[in-house]
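> any chance you could fold what I've pasted below:
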Amino acid sequence: MTGPQFELQSGAGAADSFQRLWTPHRMAYIKGEGKPAKEAECPFCAVPELSDADGLIVARGESVYAVLNLYPYNSGHLMVVPYRHVADYTDLTDPETIELAMFTQHAMRAVRLASGAQGFNIGMNQGHVAGAGIAAHLHQHLVPRWGGDTNFMPVVGHTKVLPQLLGETRTLLAQAWEELARS
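Residues are numbered from 1 along each chain as shown. Here you go, the predicted structure:
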């Protein structure tokens, strides 16, 4: 590929062996736009007040809910979040811990049913220094994986190609979640 949009550049202005794929929409996330300035603005506290479709909520439990990530690493990337505003995993009550674990298992089954995921990355970033984008409210990530899903786009372009809109993904996962609950 040639042309000005694929011009090779580096920070020092010298050409290197990398082609650049620009994703300026990600800058809002990097700069922290939309992240809460104070606890009263926590998006994880606000989301449950929305409809499932508007909040991208896949399922609701008694003490936790499953919601799609607005900045997904892969299609179907969701999070299990306690309703209670708590920052640290050790601050969860036993019932919250159990429901968080059960929702994670159910989310894995629903994502497998809806999309045939072959594996998962599951985890929590505890604190800003550990990479938590919203450190004040605990949330566990569940990222579906498929053989070959790490292609040149994320490796070279540092971007993902998602084949589906978040609303469509939410609908598929919510349907799979319900189907599993009935069986």
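
> which ones are touching the residue nearest to the spatial centre of the chain?
Residue closest to the mean C-alpha point of the chain, counted by CA atoms, centre = their mean, is N69 at 3.2 Å. Going by CB atoms under 8 Å, 6 or more residues apart in numbering, N69 touches 77-79, 141. In short, each C-beta sits where N, CA and C put it, glycine included.

> between those, which is nearest E96?
M79 (14.7 Å; CB to CB).

> contacts only, for that closest one.
M79 touches 66-69, 139-142, counting by CB under 8 Å, 6+ apart.

> change it to 10 Å
Contact analysis of M79 by CB atoms under 10 Å, 6 or more residues apart in numbering lists 44, 47, 56, 58, 64-70, 72, 104, 107, 124, 134, 138-143.

> so C42 makes contact with G133?
No. Counting by CB atoms under 10 Å, C42 does not reach G133; the two are 12.0 Å apart.

> next one: phi and psi at the closest residue to G127 other than its chain neighbours?
Leaving aside its sequence neighbours, G127 sits nearest to A135 (CB to CB, 6 or more residues apart in numbering; 5.3 Å). Backbone geometry at A135, expressed as degrees, to the nearest 10, gives phi -70, psi -20.

> what's the burial count for A135?
If you count neighbours by other CB atoms under 10 Å, A135 ends up with 17.

> and the next helix or strand past the helix or strand encompassing E99?
Per DSSP states H and E, E99 falls inside helix 94-115. Using DSSP H and E, the helix or strand that directly follows helix 94-115 along the chain is strand 119-123.
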